[in-house]
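1. Quick check, what structure comes out for this input:
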Amino acid sequence: MNRKEKEWKEEQIHFDRCKRLIARNVQRYQKEYEERHEQIQELYQALQSGNEELYNQLMLTTSLEEHAANQLRKNKAAFDKPYFGRIDYTDTKMEKEEKIYIGKNGVFRNRTEVVIADWRAPISSVYYENELGKGSYKLPDETSIAIDLHLKRTYNIEDGELTGYYDSDVASNDELLVKYLSRNKDVVLGEIISTIQKEQNEIIRESPFANLLVQGVAGSGKTTVAMHRISYILYNYKDRFESNEFCIIGSSDLLLNYITSGLPELDVPNIKKMRMDQLFVHLLGKEWRKKYTVEEADETAVVRCGREFMLELELYLMHLKERYVDTSPLADPRAGIILSRSGSLTLLRENPQFSIWKLLSVLEDRMRTRIKFLMDGFEKEEIQAMLKKYRGHYKNMMPKESIYEFYARFLEEYAKEKRIDWTGHIEKVRNGQFDLYDLAALALVRYWVTQKQEDEEFGLMFLDEAQDFGISIYYVLKKILPKCYFTIMGDVSQNINYSTGMNDWEELVRLFLTDPKDRFKLLQKSYRNTIEISEYAGKILDKATYGKYKIDPVIRHGRPVEEKEFWSEPELVEYVEELLERMKKDGYQTTAIVCRDEKESDRVKKLLDGKVEVSKESAENFTKGVMVLPVRMTKGLEFDTVILWNPGLKAALSSPERAKLLYVAATRALHELYVLSC
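-> Got it, this is the predicted structure:
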């Protein structure tokens with residue numbers, strides 16, 4: 001038996017041994033889960049009978065049941081594909097040889113002995129990043145462990161059988177990627193952990209105690225990286241973060257549901273998800289009324305999306321603070337100087353983040369404390385009388401106007417000063433109709449006027465398609481969530497809100513990346529499109545301004561992009577029917593027919609009605625089959641095949657704004673792209 005045959009036999013023996021261990025684990029954890037579940041029922045009944053001493057035991061047993069359920073799920077998931085990689089190395093400090101198998105789910109022989117390392121474990125970064133030879137990896141506390149890497153091996157496992165393996169200096173080379181990317185969309189998502197690239201892995205494993213801004217071209221895996229980053233942080237920093245401290249922000253419900261659908265598979269529960277407008281409504285809390293509505297932005301948003309607008313609003317609010325917070329000396333003939341002017345000014349100076357409400361509350365409390373101190377030795381009745389005399393002295397200074405009234409008044413003053421006609425927009429605001437930029441401004445007004453305590457609900461926020469929002473949004477978030485860390489993902493080449501979104505990252509970099517730990521990262525390689533689709537999209541991008549970040553595609557060829565013109569819409573509909581039938585036979589599961597806007601997509605659905613089975617749930621849920629969508633709704637999504645319906649190529653390519661929309665639509669396609677005009 002030669003060396004290769006011997007090595008293959010050893011790998012097969014190890015693979016079978018792992019599967020037997022996992023099968024035993026499944027049986028063990030199934031039994032343990034059932035036993036714990038039964039104990040919980042008994043303890044709960046005993047508690048209901050009045051035996052409250054068993055409460056702590058119930059909590060402990062519930063925790064053990066959750067552990068058994070979690071391990072049962074992980075071992076079941078690991079059975080068909082226990083691992084995808086292996087590294088052999090020497091720990092140079094300990095002078096110890098190690099052989100580590102790496103899988104999507106960690107597998108244990110017992111509570112302490114690891115048989116298969118979880119992909120999120122610190123040691124697993126060696127598989128994704130290190131080349132053979134001397135290197136290192138970092139622990140979550142930033143401690144660096146020096147190693148000498150001897151072997152990096154990738155396995156092919158199909159339907160629970162080990163079919164092959166190869167050794168490589170790079171874990172996920174283009175050959176392996178092409179193999180996975182040539183499959184349909186569902187398979188691609190299922191294999192992503194074994195094909196994470198070095199630059200993606202670096203972003204996933206960046207410190208959570210920092211702000212991260214990622215510019216990634218279409219198809220570079222920005223969203224996938226963000227989801228894996230959440231999973232990595234929760235695995236390695238479980239003592240610092242709870243999953244309910246995380247929030248994913250997107251531009252549409254469709255995108256959010258698409259993003260979060262894979263989180264349970266990544267061992268991530270209870271993650272908040274909100275559209276950007278929903279986030280600000282949430283931050284406004286009880287001050288938001290049900291009668292208020294959120295509208296599309298009007299032409300005034302071109303000004304209100306800028307940082308200067310928010311700075312002017314903040315200056316206005318600072319003047320309000322000076323007006324409502326009385327720092328003059330407070331004195332009484334009997335008690336003397338209760339609060340001095342210098343003391344009140346020091347309070348303001350040392351607490352610049354305090355709202356008007358908070359400042360007045362602190363002054364009220366200080367006043368009461370000082371009265372008690374100054375009247376020490378007086379009769380109790382005299383002290384109570386003095387406290388009653390000054391009760392509410394500061395709290396009564398609180399403005400009676402709502403934050404909405406302050407904002408409307410500011411808009412009027414701003415428009416008058418700038419000599420612009422905002423009458424229509426101000427009327428909307430007074431009628432309770434707000435767009436996204438109004439909501440951000442209102443959140444800032446609340447922060448400076450009525451906020452009672454610092455918002456600590458969010459520990460980490462993940463923003464997808466970040467380029468679609470103006471800098472004023474981010475200015476407000478940074479201001480009102482000072483203890484939150486942000487992972488911001490986007491591509492300025494895909495800014496669909498040309499006049500209000502961001503066409504470069506310069507302002508955002510200056511705003512967020514202020515600490516040495518903060519990072520700006522680039523993802524320039526596209527794993528989504530074939531070479532043919534990437535080249536076609538690149539030509540569109542050249543027609544748009546700010547085409548700074550070019551696509552570097554994985555070498556994967558497919559059908560040429562087809563541009564075709566028809567004399568009439570019935571002819572176009574007939575051709576689309578034939579196309580969809582062929583795609584179905586080819587095994588493609590997701591197709592998007594992309595239209596210019598909502599009105600056009602509604603019209604196309606009617607044209608196809610009775611001829612093509614179109615998904616009915618396209619507004620909120622990503623589904624298999626055929627979806628007819630306006631281009632704005634396709635942001636962040638990907639499909640096996642894409643049909644651009646009558647995109648008006650000539651007009652689109654003559655306008656940077658339209659060209660960006662066309663670029664977004666074209667780059668949604670994994671395998672095939674059709675540009676059909678009438």
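2. my read: Gly459 touches Tyr485, true?
-> Yes: if you go by CB atoms under 8 Å, Gly459 and Tyr485 touch, sitting 7.0 Å apart. C-beta coordinates here come from the backbone N, C-alpha and C atoms, glycine included.
3. Which positions in stretch 124-144 come out as buried?
-> 124-130, 132, 135, 137, 140 (16 or more other CB atoms under 10 Å).
4. same check, this time on stretch 585-605
-> 588-596, 600-601, 604-605.
5. same question for it, mean pLDDT?
-> Regarding stretch 585-605, the rounded mean pLDDT is 92.
6. Equivalent analysis for stretch 109-117, please.
-> 90.
7. Next: stretch 410-418.
-> Rounded mean pLDDT across stretch 410-418 is 97.
8. got a list of contacts for it?
-> 309, 312-313, 316, 421-423, 425-426, 429, 445 (CB atoms under 8 Å, 6 or more residues apart in numbering).
9. please redo it, this time with the cut-off set to 6 Å
-> 313, 316, 422, 426 (CB atoms under 6 Å, 6 or more residues apart in numbering).
10. From Ala441, how far out is the second one?
-> So the one you mean is Tyr316. 11 Å (CB to CB, to the nearest Å).
11. More neighbours: those two, which one.
-> Ala441 (25 against 17; other CB atoms under 10 Å).
12. Could I get the contacting residues of the more buried one?
-> By CB under 6 Å, 6+ apart, the contact set of Ala441 is 313, 407.
13. backbone phi and psi for it, please?
-> phi -60, psi -40 (degrees, to the nearest 10).
14. so after the host helix or strand of Glu42, what's the next helix or strand?
-> According to DSSP states H and E, Glu42 maps onto helix 3-48. The helix or strand immediately downstream of helix 3-48 is helix 55-78, counting by DSSP H and E.
15. to the chain's geometric centre, what's the distance from that next one?
-> Centre-to-centre, helix 55-78 and its host chain are 28 Å apart (CA atoms, centre = their mean, to the nearest Å).
16. Which residues does that helix contact?
-> Counting by CB under 6 Å, 6+ apart, 22, 25-26, 29-30, 32-33, 36-37, 39-40, 43, 103, 105, 107 sit against helix 55-78.
17. what helices or strands is the helix or strand that it is followed by leaning on?
-> Toward the C-terminal end, the helix or strand that comes next after helix 55-78 (DSSP H and E) is strand 85-91. On a contact count with 3 or more CB pairs under 6 Å, 6 or more residues apart in numbering; DSSP states H and E, strand 85-91 meets strand 96-103, helix 125-129, strand 144-158.
18. Repeat the analysis, applying 10 Å as the threshold.
-> strand 96-103, strand 114-118, helix 125-129, strand 133-138, strand 144-158, strand 161-167 (3 or more CB pairs under 10 Å, 6 or more residues apart in numbering; DSSP states H and E).
19. from the ones you listed, which stretch is densest packed?
-> Per residue and on average, the most neighbours among those fall to helix 125-129, with a mean of 23 (mean count of other CB atoms under 10 Å).
20. what sits up against that helix?
-> 84-87, 89, 98, 100-102, 117, 119, 135-138, 145, 147, 149, 152-154, 170-172, 193-202, 204-205, 232 (CB atoms under 10 Å, 6 or more residues apart in numbering).
21. what pLDDT does Thr545 get?
-> Looking at Thr545, the pLDDT reads 57.
22. before we move on, what about the one 5 residues further on?
-> At Lys550 the predicted local confidence, pLDDT, stands at 77.
23. Pull the contacting residues for it.
-> Contacts were defined as CB under 10 Å, 6+ apart; by that measure Lys550 touches 217, 493, 524, 526, 534, 538, 541-542.
24. How about Leu644?
-> Contacts of Leu644 by CB under 10 Å, 6+ apart are 561, 563, 592-596, 631, 652, 662, 665-666, 668-669, 673-677.
25. Once you drop chain neighbours, what's closest to it?
-> Nearest residue to Leu644, sequence neighbours excluded (CB to CB, 6 or more residues apart in numbering): Val675, at 4.7 Å.
26. Using PDB, write out the CA atom coordinates for the helix or strand where the one you found lies.
-> Using DSSP H and E, Val675 falls within strand 669-677. The C-alpha trace of strand 669-677 is given here as PDB (Å, rounded to 0.1, in the frame of the first residue of the first chain):
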ATOM      1  CA  ALA A 669     -28.000  37.300 -11.400                       C
ATOM      2  CA  LEU A 670     -26.000  34.300 -10.400                       C
ATOM      3  CA  HIS A 671     -26.000  32.400 -13.600                       C
ATOM      4  CA  GLU A 672     -28.000  34.000 -16.500                       C
ATOM      5  CA  LEU A 673     -29.000  37.500 -17.400                       C
ATOM      6  CA  TYR A 674     -31.500  38.600 -20.100                       C
ATOM      7  CA  VAL A 675     -32.100  42.200 -21.200                       C
ATOM      8  CA  LEU A 676     -35.400  42.300 -23.000                       C
ATOM      9  CA  SER A 677     -36.700  45.400 -24.700                       C
END
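27. helices and strands around it, which ones?
-> Short answer (3+ CB pairs under 10 Å, 6+ apart): strand 669-677 packs on helix 185-191, helix 531-543, strand 562-565, helix 569-585, strand 590-595, strand 639-645, helix 649-653, helix 656-666.
28. Would you mind giving those as CSV with distance to Leu477 added?
-> As requested, those are exported to CSV (distance: least, CB to CB, whole Å):
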stretch, distance to Leu477
helix 185-191, 29
helix 531-543, 29
strand 562-565, 42
helix 569-585, 41
strand 590-595, 31
strand 639-645, 31
helix 649-653, 33
helix 656-666, 24
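29. Now for Gly459 and Tyr485: what residues contact both?
-> 208-209, 233, 241.
30. ok, and the most crowded of those residues?
-> Ile233 (26 neighbours).
31. quick one, what contacts that one?
-> 120, 140, 204-208, 240-241, 243, 246, 268, 459-460, 485, 487.
32. can you confirm it is in a helix?
-> Yes: assigned with DSSP: H, G, I helix; E, B strand; the rest coil, Ile233 falls within a helix.
33. pLDDT weak spots in the protein?
-> Counting by pLDDT under 70, the chain has low-confidence residues at 169-192, 194, 544-547, 616-620.
34. Any idea how many residues pack against the residue nearest to Leu644?
-> 21.
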